[in-house]
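Student: Fold the following and give me the result.
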Amino acid sequence: MQLLGKTELWIENIVLRDANLTEIGNAMADVLKLGREEIFVTDASENHVALDILRTEVEAENVYGKKNEILERLASIQGVSLTDSTMIHSEGILGFISLDEGTARDVLSRTDSMVSEIVGKLRMRCMVFPTGEEVRMNLIRDTNSPYIEERLEEEGYEVKIGPALKDDIDSIFGALNNALDEGYGLVITTGGVGAESKDRTVEALLRLDPTAATPYITKYHKGTGRHEKEGVRIAVGALGPSLFVALPGPNDEVRLGLKALISGLSRGLDKHDLALEIANALRSKYVGAHGLSGGA
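Tutor: Purely as a prediction, here's the structure:
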């Protein structure tokens, strides 16, 4: 839960007599499962203690309904006494500490259910980006995007086709990042994964997710002809609940790659296994049709 700048807690109507403020801060940190260095007492009087949390977010389950547990810990500290009117107060999310335990469990259960529903819907929203000047300038028809749209809609996805992207790392990265911000759970690009200098889709995806899986589907002798790079590779990255997949441009390869992608998604493969699934499907074409060597 984001604290949204409301990081202060007040314990009101508490009696202090030679109490150790560090012990009070430590007790609060332990109950809320915070590091002891992440909370400290900012003010104290004979019947009042103020604390500040040095974090911008907390786990809801560590906060909701924790009032009684906190008060029990405070009562065990030498020099601290509670009264019938002792209360814990905050102007923000931390105020949920005072929920009774039954209500807290109910709120957490409903929150988890809502989050699961939202994530489930997000994962079924797909954005498709073709790449390349030949597509942007309408020199060739984009047959990939309509095919991807049709197949994924058959699988229950809500699909949107985005604009054709320039062969440029910044442009592709910006489009991927915007799709993430707009709540697309699956983002697919086609083209720009080859060995030429203009091919920059994989590099853009790696900027978004430096741990993306990028297996080669075929390799060349670097520096021969227009081959600036070692070969053709695809990429699968993930950020939060969103998955990013960079496929080649030729339509027959998109069809092979998409079939493998759909199969892998249905089995819940992670990005590394999903990338291998797609790469293996595409390697069969390169090795079989061209006699070229595949590569991991």
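
Student: can you pull out the helices in the protein?
Tutor: Counting by DSSP state H, one finds helices in the chain at the ranges 21-31, 67-75, 101-123, 133-136, 144-154, 169-181, 201-208, 251-266, 271-290.

Student: State the number of residues packed around Leu258.
Tutor: Using other Cβ atoms under 10 Å, Leu258 has 21 other residues around it. Yep, even glycine has a C-beta here, placed from its N, CA and C like the rest.

Student: Kindly report the same for the one 5 residues further on.
Tutor: When neighbours are defined as other Cβ under 10 Å, Ser263 has 14 of them.

Student: Model confidence for the spatially closest residue to it that is not a sequence neighbour, exactly?
Tutor: Nearest residue to Ser263 in three dimensions, chain neighbours excluded: Glu277, at 6.8 Å (Cβ to Cβ, 6 or more residues apart in numbering). pLDDT for Glu277: 96.

Student: Glu277: neighbour count?
Tutor: Look at Glu277: counted by other Cβ under 10 Å, it has 20 neighbours.

Student: Return the distance of it relative to Gly35.
Tutor: Distance, Glu277 to Gly35, by Cβ to Cβ, to the nearest Å: 41 Å.

Student: now the helices of the chain in a markdown table, with distance to Glu59?
Tutor: Listed next are those as a markdown table, based on distance: least, Cβ to Cβ, whole Å:
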| stretch | distance to Glu59 |
| --- | --- |
| helix 21-31 | 12 |
| helix 67-75 | 15 |
| helix 101-123 | 10 |
| helix 133-136 | 45 |
| helix 144-154 | 35 |
| helix 169-181 | 23 |
| helix 201-208 | 26 |
| helix 251-266 | 29 |
| helix 271-290 | 25 |
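
Student: Compare these and report which one is nearest to Val15.
Tutor: helix 67-75 (10.6 Å; Cβ to Cβ).

Student: what helices or strands is the closest one leaning on?
Tutor: Counting contacts by 3 or more Cβ pairs under 8 Å, 6 or more residues apart in numbering; DSSP states H and E, helix 67-75 is packed against helix 21-31, strand 80-89.

Student: between those, which one is nearest to Lys271?
Tutor: helix 21-31 (35.6 Å).

Student: what about the closest one, distance to the chain center?
Tutor: Put simply, helix 21-31 sits 32 Å off its chain's centre (Cα atoms, centre = their mean, to the nearest Å).

Student: Return it as CSV; C-alpha atoms alone will do.
Tutor: Extracted C-alpha coordinates of helix 21-31, given in CSV (Å, rounded to 0.1, in the frame of the first residue of the first chain):
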residue,chain,number,x,y,z
LEU,A,21,11.7,5.6,23.4
THR,A,22,13.9,3.3,21.3
GLU,A,23,12.1,0.3,22.8
ILE,A,24,8.7,1.9,21.8
GLY,A,25,10.0,2.4,18.2
ASN,A,26,11.4,-1.1,18.1
ALA,A,27,8.1,-2.6,19.3
MET,A,28,6.1,-0.8,16.6
ALA,A,29,8.6,-1.9,13.9
ASP,A,30,8.5,-5.5,15.0
VAL,A,31,4.7,-5.7,14.9
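
Student: Make 790 the first number, not 1, from now on.
Tutor: Sure thing, new numbering starts at 790, so read that last one as helix 810-820.

Student: elements contacting that helix?
Tutor: strand 828-834, strand 837-842, helix 856-864.

Student: Just put those in CSV and tack on mean pLDDT and distance to Lys795.
Tutor: Below are these laid out as CSV (pLDDT from 0 to 100; distance: least, Cβ to Cβ, whole Å):
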stretch, mean pLDDT, distance to Lys795
strand 828-834, 92, 14
strand 837-842, 93, 9
helix 856-864, 92, 17
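
Student: Buried deepest among these, which one?
Tutor: Each of the helices and strands packed on helix 810-820 was scored by mean neighbour count; the highest is strand 837-842, a mean of 18, by mean count of other Cβ atoms under 10 Å.

Student: what angle sits between that one and strand 869-878?
Tutor: In terms of direction (axes from the mean of the first three to the mean of the last three Cα atoms, to 10 degrees), strand 837-842 departs from strand 869-878 by 60 degrees.

Student: List the contacts of strand 837-842.
Tutor: Contact partners of strand 837-842, identified using Cβ atoms under 8 Å, 6 or more residues apart in numbering, comprise 792, 796-803, 805, 810, 813-814, 817, 821, 823, 827-833, 883.

Student: Out of the helices and strands packed on helix 856-864, flag the one nearest Ser986.
Tutor: Taking Cβ to Cβ, helix 810-820 is the member of those nearest to Ser986, at 54.0 Å.

Student: How about residues contacting that closest one?
Tutor: By Cβ under 8 Å, 6+ apart, helix 810-820 touches 798, 823-825, 827-830, 833, 838, 840, 855, 858-859, 862-863, 865-867, 869.
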